[in-house]
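Novice: Next comes the sequence, and after it the predicted model I'd like to discuss.
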2 protein chains.
Amino acid sequence: MNNQTAQALPIGAVERDTHIGRDTLRVWERRYGFPRPLRTGHGVRLYPPEQVQRLILIRRLMDLGFRPGSVVPLAEEELQRLAAQHAAAPVTGQPAAVQAKLLQAVVEHDTAALHERLEQELARNGLRQLVLHTIAPLVRLVGEQWAAGRVEVFEEHFLTRQLTYFLDAAMARQGRPPGEAPVMLATLPKEPHGLGLLMVEALLTEQHLPSINLGTAVPVNQLVRAVEQYRPQALALSFSAFYPRRALRGDLEELVDSLAEPVEVWVGGAGVASMRKAIQGVRVIKDLEQI
Amino acid sequence: MNNQTAQALPIGAVERDTHIGRDTLRVWERRYGFPRPLRTGHGVRLYPPEQVQRLILIRRLMDLGFRPGSVVPLAEEELQRLAAQHAAAPVTGQPAAVQAKLLQAVVEHDTAALHERLEQELARNGLRQLVLHTIAPLVRLVGEQWAAGRVEVFEEHFLTRQLTYFLDAAMARQGRPPGEAPVMLATLPKEPHGLGLLMVEALLTEQHLPSINLGTAVPVNQLVRAVEQYRPQALALSFSAFYPRRALRGDLEELVDSLAEPVEVWVGGAGVASMRKAIQGVRVIKDLEQI
DNA sequence: AATGTTATTTGTCTAGGACAATATGCTTTA
DNA sequence: TAAAGCATATTGTCCTAGACAAATAACATT
């Protein structure tokens, strides 16, 4: 069923699969000599699958902190070596036995085992401890394993859905806190990862505090309107490690500038941990425990 | 707190807020004379908020079926008139009393009322009927109200989260069906709307059929890998009315071409309802009831 | 009314250059 | 030795104006 020629992708498809912008792909070609796509008769770029695969690998190394100039020009083998090196690097601390087991359930696609273990932890330690000491480390672990090439993107998708389901069920059993929500949760358009928000929602729920979770990829102007309507005391935004660093400061400044209402802006997640200078009117939450 | 000059946005930000591509924004400027952004000293476009607002309105009209050539050149008042006309258009059928009440709860941000009513319907008619006759029509209704300018994007975000929470809780009470999942659910990268998947998941769960929901925006190559690993009998994809029509056929063909494994591909949702020609190897699900 | 053909509309892609913002490397100061 | 200040290098995003393929609309024919 595999059609050979159809496998080479135009630049738009590559942008989507690699999360590297079109302009960037073209400028890399000019500057570093890679990628070097095929061309149609009319000059349109067609990227063969190997090059797309290598771009994904490059992207992974960049998320680990490498800069384009130091990885894009490298030969295939050198890239593989770099990646392997990082795959061998010790994972932060040693994952507690529980997380290792959970990770195993994820890569083996064993939904039942995953839920059973989570249920055990919940029964033993309660929702707060479950989020802080089991789920948050698990999510971090899976992220690291992905960077090391041991876990695939679709497995993260799978985990995200399972955790959402589990936390929703757990919150429902706790009961939904009544009253006006003092905290609004969301991510900006470039951020598709919503587990951070969900964990915060669970922590708040556990303390009988209502919250409004608008989910991922909410346009700035919509956040402004939502704040006008719901009038929360705080707007909490989550940023994963993959949020484009270039854009972070500008995006936050744009948001704060647009907010006419008096509202605290909280930001958290791996994406803001490395922020150099503080931004006027934005409070950085370093740790989930602070909630 | 509002900074006047900071309000004008560069083209990248406008692309995100309007979901109109950069190239498209520039080509409209050339062809239709709108938008006509300000420029920095170095020629960089800066779109004032009114123009962004008008672009969003244009986008809404296009989602209603208008073509760019017939709306982009129009003056502000004419656009407003067109929109108002469609706002006045009768909503499909008359929304049953239940949906009207639910809609009211959404726009009034009354979480408690929303959940209470859903709970009532669930208790009375069961999960299947709730999904088919209450939630699906509600989602459609909110979409129409949005197109008419009566509901805002952030309210759809709010509803999405609430329905996810509710359905997850309902499914958890039913109990998670054990065993290997015969159906895998996902949306392609350009499709951020995941409620369709969730409704299908709920319908399957109600019939004690397990499923694997990978959620939204799964890259094509990851879908291929996921199918290789989980080996489901069917891969079901959901497309909202906002999925770019130009890309639909090509994206599906790319997917089918890449799938080496024998797996049925099902597609559903408003985005495929208007598909002209069938695509080899793809089955169109016209109705949720078919599940 | 269905089908086939032609014309128009529309989004995405091209090249090569430019610039502002960030990160790095080097020097000076406490 | 560490912090701070400054110069240099790196990097993503934006620019222009033109081109083309795919989808849609309009028209002609069966």
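Specialist: Cool, got the structure. All values reported here derive from a predicted model rather than from experimental measurement.
Novice: Correct me if wrong: residue A:34 contacts residue A:25.
Specialist: No - applying CB atoms under 8 Å as the test, residue A:34 and residue A:25 come out as separate, 10.0 Å apart. The C-beta positions use only the backbone N, C-alpha and C, and glycine is treated the same way.
Novice: I'd like the mean pLDDT over the lengthiest helix in chain A, please.
Specialist: The helix that spans the most residues within chain A, counting by DSSP state H, is helix A:153-174. Averaged over helix A:153-174, pLDDT sits at 97.
Novice: which parts of that helix are buried?
Specialist: A:153-172 (16 or more other CB atoms under 10 Å in any protein chain shown).
Novice: Quick check: end-to-end length of stretch A:203-213?
Specialist: Start to finish, the residues bounding stretch A:203-213 are 13 Å apart (CA to CA, to the nearest Å).
Novice: Report the distance from it to the chain centre.
Specialist: 22 Å (CA atoms, centre = their mean, to the nearest Å).
Novice: Would you check which of the buried residues of helix A:153-174 are in contact with chain B?
Specialist: The residues of the buried residues of helix A:153-174 that also fall near chain B, by CB under 8 Å from any CB of the partner chain, are A:153, A:154, A:157, A:158, A:160, A:161, A:164, A:165, A:168, A:169, A:171, A:172.
Novice: Quick check: the gap between the nearest residue to the fourth one once chain neighbours are set aside and residue A:269.
Specialist: Yep, that's residue A:158 we're talking about. Once flanking residues are discounted, residue A:158 sits nearest to residue B:214: 6.1 Å by CB to CB, 6 or more residues apart in numbering or on different chains. For residue B:214, the distance to residue A:269 equals 22 Å [CB to CB, to the nearest Å].
Novice: again with residue A:151
Specialist: 19 Å.
Novice: what do you get for residue A:200?
Specialist: 10 Å.
Novice: any common contacting residues for these two?
Specialist: Common contacts of residue A:200 and residue A:269 (CB atoms under 8 Å, 6 or more residues apart in numbering or on different chains): residue A:238.
Novice: What does the residue in the stretch 101-250 of chain A that DNA strand D sits nearest to show for phi and psi?
Specialist: Using CB to the nearest atom of the strand, residue A:246 is the residue of the stretch 101-250 of chain A that sits closest to DNA strand D, at 5.1 Å. Backbone geometry at residue A:246, expressed as degrees, to the nearest 10, gives phi -50, psi -40.
Novice: Same check on the one 3 residues further on?
Specialist: Its backbone dihedrals place residue A:249 at phi -60, psi -50, with angles given as degrees, to the nearest 10.
Novice: How about it, nearest residue that isn't a chain neighbour?
Specialist: residue A:279 (6.6 Å).
Novice: From DNA strand D, how far out is that neighbour?
Specialist: 19 Å (CB to the nearest atom of the strand, to the nearest Å).
Novice: And for residue A:11?
Specialist: Applying CB to the nearest atom of the strand to residue A:11 and DNA strand D gives a distance of 12 Å.
Novice: Quick one: name the residues of the stretch 1-150 of chain A near DNA strand D.
Specialist: By the rule CB under 7 Å from any atom of the strand, the part of the stretch 1-150 of chain A lying against DNA strand D is A:21, A:23-24, A:27-28, A:31, A:41-42, A:62, A:67-70.
Novice: Are any of these buried, and if so which?
Specialist: A:28, A:62, A:68.
Novice: Of those residues, which belong to helices?
Specialist: A:28, A:62, A:68.
Novice: quick revisit: pick out whichever of residue A:151 and residue A:269 has more residues nearby.
Specialist: Each of residue A:151 and residue A:269 has its neighbours counted (other CB atoms under 10 Å in any protein chain shown); residue A:269 has more, 22 against 19.
Novice: From DNA strand D, how far out is residue A:275?
Specialist: 16 Å.
Novice: wait, that residue sits on residue A:252?
Specialist: No - here residue A:275 does not reach residue A:252: they are 9.1 Å apart, not a contact under CB under 8 Å.
Novice: So which of the two has more stuff around it?
Specialist: residue A:252 (22 against 16).
Novice: The more buried one: helix or strand, and which one exactly?
Specialist: helix A:245-258 (DSSP states H and E).
Novice: cool, residue A:185 as well?
Specialist: Per DSSP H and E: strand A:183-186 holds residue A:185.
Novice: Looking at the helix or strand following that strand now, give me its mean pLDDT.
Specialist: Later in the chain than strand A:183-186, the nearest helix or strand by DSSP H and E is helix A:195-206. Averaged across helix A:195-206, pLDDT comes to 96.
Novice: which other helices and strands contact helix A:195-206?
Specialist: helix A:111-129, helix A:136-147, helix A:153-174, strand A:183-186, strand A:211-213, strand A:234-238 (3 or more CB pairs under 8 Å, 6 or more residues apart in numbering or on different chains; DSSP states H and E).
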